[in-house]
Structures are given as C-alpha cells and as structure tokens.
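1. Need the 3D shape of this:
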Amino acid sequence: MPFLWLPIEDEPGPKSLRGFVERNVIALVSGLHEPVVDPPSPSWLGLDSSRPMVQQSGLWNQRHVDANYAPGFLDVLEMAVDRNADPRTIA
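-> Sure thing, here's the model as predicted:
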C-alpha cells in the first residue's frame, strides 16, 4: 500500500485535525469493511497475530479499525493534500 506523509500542524487531541485524519484513514483502509481497499498479502505477519482485530483488519493498529469513516472526510483529506502538494509534482 502506498503511503503519504501529510504534515498537519495542530495540537494533538481528540478534536484535532490530525486526530480526525488518523481515525478516518484507519477506518477507510481497515479490512473489517467491504469492499476491502487493499488486503494484506498471504505472507503478512499480522495474519499470525494473536489479536483477531489485527488479523481481520489487515492493520497492526487496533484503534478505529471497526469505525466507519466520516462523511466528508475525503474532501477534508483532499484539501489537506492540496495544501501540502509540491508544485513540481502537479501535472
């Protein structure tokens, strides 16, 4: 799965933008929902985890894997990405 480093410069906390993005990205890519965005490979070590939520979600993280991402989250994420885009990479 590709990843993106996205700086969000606010204080951490449950009401912060960075917390909102973290919770919703985890909920979006969690394998506990259909359709699974990017399932783990058959050799992924998490499949041998003693934690069922790790095995089922395809993520090492257990927080937020059973949540649904918030309506409008993708719009917020797009704005954050656009705000931090390197102008040299925009076609």
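2. for Leu77, helix, strand, or coil?
-> For Leu77, the secondary structure call by DSSP: H, G, I helix; E, B strand; the rest coil comes out as helix.
3. looking at it, it is touching Arg23, isn't it?
-> No. With the criterion set as Cβ atoms under 8 Å, Leu77 and Arg23 do not qualify as a contacting pair; they are 11.7 Å apart. Heads up, the C-betas are built off the backbone N, CA and C, glycines and all.
4. where along this protein do the helices fall?
-> Remark: helices assigned in the chain by DSSP state H are 17-29, 52-57, 73-83.
5. can you put the ones you listed in CSV and add mean neighbour count and mean pLDDT?
-> Listed next are the helices of the chain as CSV, based on neighbours: other Cβ atoms under 10 Å; pLDDT from 0 to 100:
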stretch, mean neighbour count, mean pLDDT
helix 17-29, 17, 90
helix 52-57, 17, 92
helix 73-83, 13, 89
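6. quick one: common contacting residues for Leu77 and Arg23?
-> Counting by Cβ atoms under 8 Å, 6 or more residues apart in numbering, Leu77 and Arg23 have no common neighbour.
7. residues contacting Glu34?
-> Glu34 makes contact with no residue under the criterion Cβ under 8 Å, 6+ apart.
8. mind checking how far it is from Asn68?
-> Taking Cβ to Cβ, to the nearest Å as the criterion, Glu34 is separated from Asn68 by 12 Å.
9. same thing with Gln56?
-> 15 Å.
10. Kindly report the same for Arg18.
-> 19 Å.
11. same thing with Ser43?
-> Plainly put, Ser43 is 29 Å away from Asn68 if you go by Cβ to Cβ.
12. So if I had to pick from the two, which one is more boxed in?
-> Each of Ser43 and Asn68 had its neighbours counted (other Cβ atoms under 10 Å), and the higher figure belongs to Asn68 (13 against 7).
13. center of the chain, which residue is that?
-> Using Cα atoms, centre = their mean, the residue of the chain that lies closest to the mean C-alpha position is Val25, 2.4 Å off.
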